[in-house]
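J.: Quick one, structure for this:
(one chain, ligands or ions: 1)
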Amino acid sequence: MDARATSEALSLAEKVEEFLQGFPLGFDHLDVSVRRRLSEATRKLSLATESTGDTVHRVVHSPLQLPLTLVGIETRLFEILAEQKHDGDTNAELARKTKVDSTLMKRLLRYYQSFGMIDQPGDDQYRANNITQAMVSLGGRAGVPFYLGTLVPAFNALPQFLRDTGYANITDGANCPWFLGHRTDEAPFDWVQKRPDMMQNFMSWMVSQRDGLPNFLEVIDFVKEFAQNSDDSIPIFVDIGGAMGHQSISLRQKYPELVGRVILQDLPQVIDRVKVSPLLGFEGIEAQVYNFFTEQPLKGARNYYLRNVLHGWPDHTCVEILQNIKPAMKKESKILIDEMVLPERGAPWRATQVDLAMSTCFAAMERSHADWIALLDKAGLKIERVWKYTEQVDDCIIVAIPK
Ligand SMILES: C[S@@+](CC[C@H](N)C(=O)[O-])C[C@H]1O[C@@H](n2cnc3c(N)ncnc32)[C@H](O)[C@@H]1O
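T.: The predicted structure is shown next:
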């Protein structure tokens, strides 16, 4: 045993424990980048110091976490805990409020506490923490059932699919683990659209999946860079595959005086949903049915914006989508691709898991700078500029123009 290292490790552990106790109400007061650095450093330390047995048990039981989280959401346990204004509820109170058997409730609470999803300040006292709050946010409420019902069956089919295909990279959208996992021949978007509850969760997930991260409008002066000398007739922002139009709404809200048309385009089922129950702030935005596998009908728009669309398709399909925009472009038109640009080294965990989820369900991928150059080149486009706007997932705006 190295005495100096032991003493340093114990002193660091004590400091961390004291630090945690010093902020029972959480760390919302910390600057976002400081908080992230601390979280990443301690996460790495936790992994680096984990024992073999702990690692194996953590990994083999990890499939329990998502379904048990859904139980906490569906029973309203997390919501009830998050709404508490006092010091915490007891097991009996929580069992009564959620209509869950009290013995089962005690076992669930024990699990959530041990994984840091709730706090237990006393033997029979439970209260919400930052993880509980995250699970009752829109992202938690939509993402948890959406992933469990839609993506997990495909994730589970990944090993067999890769075995069967000799560990080739997954590039065929018509032959990927999605189909094996769901025992279906329906493509993901078709499958989801036929299931109203999943469709609702999907749309809410699209709106919320980047909550807490900066939006591109926070780092780019859109009017200065992309909307000079506009007039009311010019489509200034065409939000292709924009789901509920949340990005278009952000743009209108950030620039109430923005001159020009803002148009959301998506598939008929999505546009119907937008028309029946538009998000708050949708006024001033047009909704248009458009299939991006056909030629872009809006000619001469200043900006054709695609967020998280291309990461859902393999290269050859992205080329098709981009080439359908090109004939509509005039001299001043630009394609704004809002996607991750993965670094060659040390890609963030939030990005790498989306990359493999995209691969599993859509034979698609997150792309590096070199991948984007190659893809755009195949579509007859080139990069004019790249603006990075998040550290957490390397989100960027890639400005693309014809070569
Ligand atoms: C991953 S979501 C991205 C949504 C939104 N842009 C965002 O960043 O939150 C992909 C979107 O593309 C739409 N979509 C899929 N196939 C499409 C098609 N052929 N034509 C137009 N939109 C399509 C989906 O309905 C969905 O809204």
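J.: The helix or strand containing residue 104 - contacts with which helices or strands?
T.: If you go by DSSP states H and E, residue 104 is part of helix 102-114. Counting contacts by 3 or more Cβ pairs under 8 Å, 6 or more residues apart in numbering; DSSP states H and E, helix 102-114 is packed against helix 65-74, helix 91-98, strand 118-122. C-beta here means a position set from N, CA and C on the backbone, and glycine is covered the same way.
J.: Show me what that helix is in contact with.
T.: Helix 102-114 is contacted from outside by 68, 71-72, 77, 91-92, 94-95, 98, 100, 118-120, 126, using Cβ atoms under 8 Å, 6 or more residues apart in numbering.
J.: Is the residue of the stretch 51-200 of the chain found nearest the ligand within a helix or a strand, and which one?
T.: Closest contact between the stretch 51-200 of the chain and the ligand, by Cβ to the nearest ligand atom, is at residue 189 (5.0 Å). Using DSSP H and E, residue 189 falls within helix 188-193.
J.: again with residue 269
T.: In the assignment (DSSP H and E), residue 269 maps to helix 268-276.
J.: average pLDDT for that helix?
T.: The pLDDT scores in helix 268-276 average 95.
J.: Dump the C-alpha coordinates for that helix into CSV.
T.: Output of helix 268-276 as CSV, limited to C-alpha atoms (Å, rounded to 0.1, in the frame of the first residue of the first chain):
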residue,chain,number,x,y,z
PRO,A,268,-48.8,15.1,-43.0
GLN,A,269,-49.4,13.4,-39.7
VAL,A,270,-47.0,15.8,-38.0
ILE,A,271,-48.4,18.9,-39.6
ASP,A,272,-52.0,17.8,-38.7
ARG,A,273,-50.9,17.6,-35.1
VAL,A,274,-49.3,21.0,-35.3
LYS,A,275,-52.5,22.5,-36.7
VAL,A,276,-54.8,20.8,-34.1
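J.: For it, give me every contacting residue.
T.: With Cβ under 8 Å, 6+ apart, helix 268-276 has contacts from 193, 199, 203, 243-245, 264, 266, 282, 287-289.
J.: Could I have the ChimeraX command that selects the buried members from those residues?
T.: The buried residues among the contacts of helix 268-276 can be selected in ChimeraX (16 or more other Cβ atoms under 10 Å) with this line:
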select :193,199,203,243,244,245,264,266,282,287
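J.: Select from the contacts of helix 268-276 every entry located in strands.
T.: Using DSSP state E, the members of these that fall in strands are 264, 266, 287-289.
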